[in-house]
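Peer 1: Mind folding the following:
(2 chains)
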Amino acid sequence: MTQRRLRYLQAMNEAYLQEMTRDPDTIILGEDIRGGIRGETKGLLEAFGPERVLDTPISEAGFVGFATGAAMAGLRPLVQFQVPSLIYVAFDQLVNQAAKLRLMMGGQAKIPVTYTIMVAGARGGVAGQHSDNPYPYLLHAGFKLVCPSTPYDAKGLLTSAIREDDPVVFMAPAMALAQRGPVPEEPYAIPLGVGEIKRRGTDVTVVAVGHLVPEALAAAEQLREEGIDVQVWDPRSLLPLDKEGLCAAVRDTGRVVIYDDSARTCGFAAELSAILAERVHDVLKAPIKRITRADTPMPYSSPLEKAVLPTPHQLTEAIRTLYAHNPSTHRRPHVEA
Amino acid sequence: MRLIRRFEERVAELVDANEIAGICHEYVGQEAVAVGVCAALAQDDIITSTHRGHGHIIAKGGEVKFMLAELFGRTGGYNRGRGGSMHIADLGLGIFGANGIVGAGAPMACGAAYRFKLAGQKRVAVPFFGDGAINQGVLHEALNLGAIWHLPVVYICENNMYAITTPLREVTKRPPHERARAYGMEGSVADGMDVQAVYEAALHAVQAARDGLGPSFLEFETYRYVGHYTAEKLMKTSYRTDAEIETWRLRDPIQRWGRRLVDAACASEADLERIHQSVEEELDDAFVFATQSPLPDARTALDHVYHTTYAGLPAPGYEP
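Peer 2: As a prediction, the model looks like this:
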């Protein structure tokens, strides 16, 4: 593997450049794409010209529908949302149209659209309308969705998302964007629906999503000094979900903490918990533990924001609690079949 | 026009008899708009349609046997029984789908038009929508996109005066076509009960779009003789008077066009009768085709959600 290290946004930029070069039917559109103040769309206008790199009016519903129609007519549009909450403005065009048209048309339509959702999640002091992590809504609607935690995964999964012949959402977590990591220069694709063990361990499995993966790895290092060997599993792709990989990662230790920054009620962690309860209850040595965002709009003030987000402190505490849980003295209630 | 009229009348009977599930929004009275506009289009031009879409689909070349099979929920239907009345589509005929959400097809038509423009193709995209869509935000976003990107789009507003039961005059201050100017395109209005007037207006606009002169907006004043949907006749509604409905029936597009053909010696009464007869035969055949087409196998319920499926995607509701 190359020693070249890129930032997350540079990795996204490279995937955009390489895939738009590879496929002349790709176009990219959204608000402030050409200006590209964060950098992930840098160089696209120069490379592909204004016809394939479109700055749209502030018309989220309009440009999402535009992309759907362009896709059905033969293009492969990349749609970028600069803030996650903007998807709500376009919800009919996403949920009622892009996500449903293929089924409603009996499989006639191919809708290869990639939606990149930038700066997902809280990022400190941007309050109620700029801190959401709205993937549960999109998963309910049936969107294929990836949430890469590293620059390497970002490039490989964005490449796969663009090549997929269905709508795919790419969530770029705000708190993951500053990372640097090894990224090969040549194009590569990480298949959808394949999770990865980011750290092997034998005592407790942490299932972490997006920017919480590096936090989980840091917590694992901290707990190593206490003699707790933590495994960290990253689903990378939330739909399709690597259920086999998830179950295997939990079977390795028999203890699981799900560390996810989406809503507690009907959030992604709730779904993972249900899958594990159905499939691997027989190996669980302790109850499944969820650490999620609290069910509230994001408050502005810093202590309040910290109080409703999942924290590394909660994570280490939960891992210690599960590790100390002794199944021989705390038997799970047994129900006769 | 005759085929659309009789298709709708027969479908209404089948819905009333519970042979077709759900509801249908009949196009009865508005036939001249779909026929006049689609006569100005080539097969590779595309349309987006509405919840009241049967007329557009027939006019764009859709075959009634595949439509009827769809309404019966059969595998031989246009959408393999996955769409029903409000979602009939045939991408091969340039029918980018009827749509149950008012105004929703307009931005898709813009996207298709952008593809035509980018590829240097002289094709045109035509979103149909009703007067009810004129206050829907996404329609205005689509009008703006068409204008700023100079797209080959002809926006067709079928003004049948009512959004379900709400009269247009109560929710809209000025006629729909006047809004076009604000976006930087021509807007005009014509008699939607006169198929020749519709065709001439559409031909002019479509040719302009094809020649790279950008989008335009056509409003056609028309009327549905029947309720918003098939079930309305069971309800006691009083938003329209019998006298009003009768006034519009006197302008019936099928009778007017028939008279004009006969007066101009382009057709005889016998020719018209032959058309009526062939329409009935086509619909009889369609009924046979539709009812003989098999129902979908329940095991295929999760087919066609995605182009590319994965293990466990889409997920069934029960895992034994």
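
Peer 1: give me phi/psi at B:R224?
Peer 2: Phi and psi for B:R224, reported as degrees, to the nearest 10, are phi -100, psi 130.

Peer 1: so what pLDDT did it get?
Peer 2: pLDDT recorded at B:R224 is 96.

Peer 1: B:E31 is in contact with that one, correct?
Peer 2: No - B:R224 sits out of contact with B:E31 when judged by CB atoms under 8 Å, with a separation of 10.4 Å. Using the backbone N, CA and C atoms, a C-beta is placed for each residue, glycine as well.

Peer 1: So between these two, which is more surrounded?
Peer 2: B:E31 (27 against 22; other CB atoms under 10 Å in any protein chain shown).

Peer 1: quick one: contacts for the more buried one?
Peer 2: Residues near B:E31 by CB atoms under 8 Å, 6 or more residues apart in numbering or on different chains: B:M1, B:I4, B:R5, B:G55, B:V195, B:P253, B:I254.

Peer 1: mind running it again at 7 Å?
Peer 2: Residues near B:E31 by CB atoms under 7 Å, 6 or more residues apart in numbering or on different chains: B:M1, B:I4, B:R5, B:G55, B:P253, B:I254.

Peer 1: Pull the contacting residues for the fifth one.
Peer 2: Neighbouring residues of B:P253 by CB under 7 Å, 6+ apart: B:M1, B:E31, B:A32, B:M193, B:D194, B:V195.

Peer 1: I'd assumed B:M193 was in contact with the third one.
Peer 2: Yes - with contact defined as CB atoms under 7 Å, B:A32 reaches B:M193; the gap is 5.8 Å.

Peer 1: The two: which has the busier surroundings?
Peer 2: The residue with more neighbours, out of B:A32 and B:M193, is B:A32; 29 against 25, by other CB under 10 Å.

Peer 1: and that one, helix, strand or coil?
Peer 2: Of the three states, B:A32 takes helix under DSSP: H, G, I helix; E, B strand; the rest coil.

Peer 1: what's the distance between it and chain A?
Peer 2: Per CB to the nearest CB, to the nearest Å, B:A32 is found 26 Å from chain A.

Peer 1: mind checking how far that residue is from B:D131?
Peer 2: 16 Å (CB to CB, to the nearest Å).

Peer 1: Can you get me a residue count around B:E244?
Peer 2: So B:E244, with other CB under 10 Å, has 12 neighbours.

Peer 1: unless I'm mixing things up, B:N144 is touching B:Y183, no?
Peer 2: Yes - with contact defined as CB under 7 Å, B:N144 reaches B:Y183; the gap is 5.6 Å.

Peer 1: My guess is B:H54 contacts B:R5. True?
Peer 2: No - at 10.5 Å, B:H54 and B:R5 do not qualify as touching, with contact defined as CB under 7 Å.

Peer 1: Can you tell me the element B:A202 falls in?
Peer 2: Using DSSP states H and E, B:A202 sits within helix B:195-210.

Peer 1: List the strands paired with the helix or strand that that helix is followed by, with their directions.
Peer 2: Next helix or strand after helix B:195-210 toward the C-terminus (DSSP H and E): strand B:216-221. Its sheet considered, strand B:216-221 pairs with strand B:154-159 (parallel), strand B:186-191 (parallel) by DSSP bridges.

Peer 1: So which other helices or strands are in contact with the longest helix anywhere in chain B?
Peer 2: If you go by DSSP state H, chain B has its longest helix at helix B:269-292. The contact analysis (3 or more CB pairs under 7 Å, 6 or more residues apart in numbering or on different chains; DSSP states H and E) places helix B:269-292 against helix B:2-16, helix B:64-71.

Peer 1: what residues does the stretch 1-150 of chain A put near chain B?
Peer 2: Applying CB under 7 Å from any CB of the partner chain, we find that the stretch 1-150 of chain A lies next to chain B at A:51, A:57, A:59, A:61-62, A:65-70, A:72-75, A:92-93, A:96-97, A:101-110, A:142.

Peer 1: List only buried entries from those residues.
Peer 2: Buried members of the residues of the stretch 1-150 of chain A next to chain B, scored by 16 or more other CB atoms under 10 Å in any protein chain shown, are A:59, A:61-62, A:65-70, A:72-73, A:75, A:92-93, A:96-97, A:101-109, A:142.

Peer 1: that older thread, quick one, which of the helices and strands packed on helix B:269-292 is nearest to chain A?
Peer 2: Chain A sits nearest to helix B:64-71 of all the helices and strands packed on helix B:269-292, at 8.4 Å, using CB to the nearest CB.

Peer 1: Put the alpha carbons of that closest one into CSV.
Peer 2: Taking C-alpha atoms only, helix B:64-71 is exported to CSV below (Å, rounded to 0.1, in the frame of the first residue of the first chain):
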residue,chain,number,x,y,z
VAL,B,64,-54.4,0.2,-24.0
LYS,B,65,-53.9,-3.5,-23.5
PHE,B,66,-50.8,-2.9,-21.4
MET,B,67,-52.4,-0.1,-19.5
LEU,B,68,-55.5,-2.1,-18.7
ALA,B,69,-53.3,-5.1,-17.6
GLU,B,70,-51.5,-2.7,-15.3
LEU,B,71,-54.8,-1.5,-13.8
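
Peer 1: So the very next helix or strand once past that helix, near chain A or not?
Peer 2: Counting by DSSP H and E, the element after helix B:64-71 in chain order, helix or strand, is helix B:105-118. Yes - interface with chain A: helix B:105-118 contributes B:P107, B:M108, B:A109, B:C110, B:G111, B:A112, B:Y114, B:R115, B:L118 (CB under 7 Å from any CB).

Peer 1: Mean confidence (pLDDT) on helix B:105-118, please.
Peer 2: 98.

Peer 1: what angle separates that helix from helix B:195-210?
Peer 2: Using axes from the mean of the first three to the mean of the last three CA atoms, to 10 degrees, the inter-axis angle of helix B:105-118 relative to helix B:195-210 is 50 degrees.

Peer 1: Check which helices and strands helix B:105-118 sits against.
Peer 2: If you count contacts as 3+ CB pairs under 7 Å, 6+ apart, helix B:105-118 packs onto helix A:60-72, strand B:46-48, strand B:125-130, helix B:137-148.

Peer 1: For the helix or strand where A:Q18 lies, which outside residues touch it?
Peer 2: Assigned by DSSP H and E, A:Q18 belongs to helix A:8-22. Outside helix A:8-22, the residues that touch it by CB under 7 Å, 6+ apart are A:26, A:28, A:38-44, A:47-48, A:52, A:151, A:154-155, A:158-159, A:162, A:172, A:176-177, A:179, A:183, A:187.
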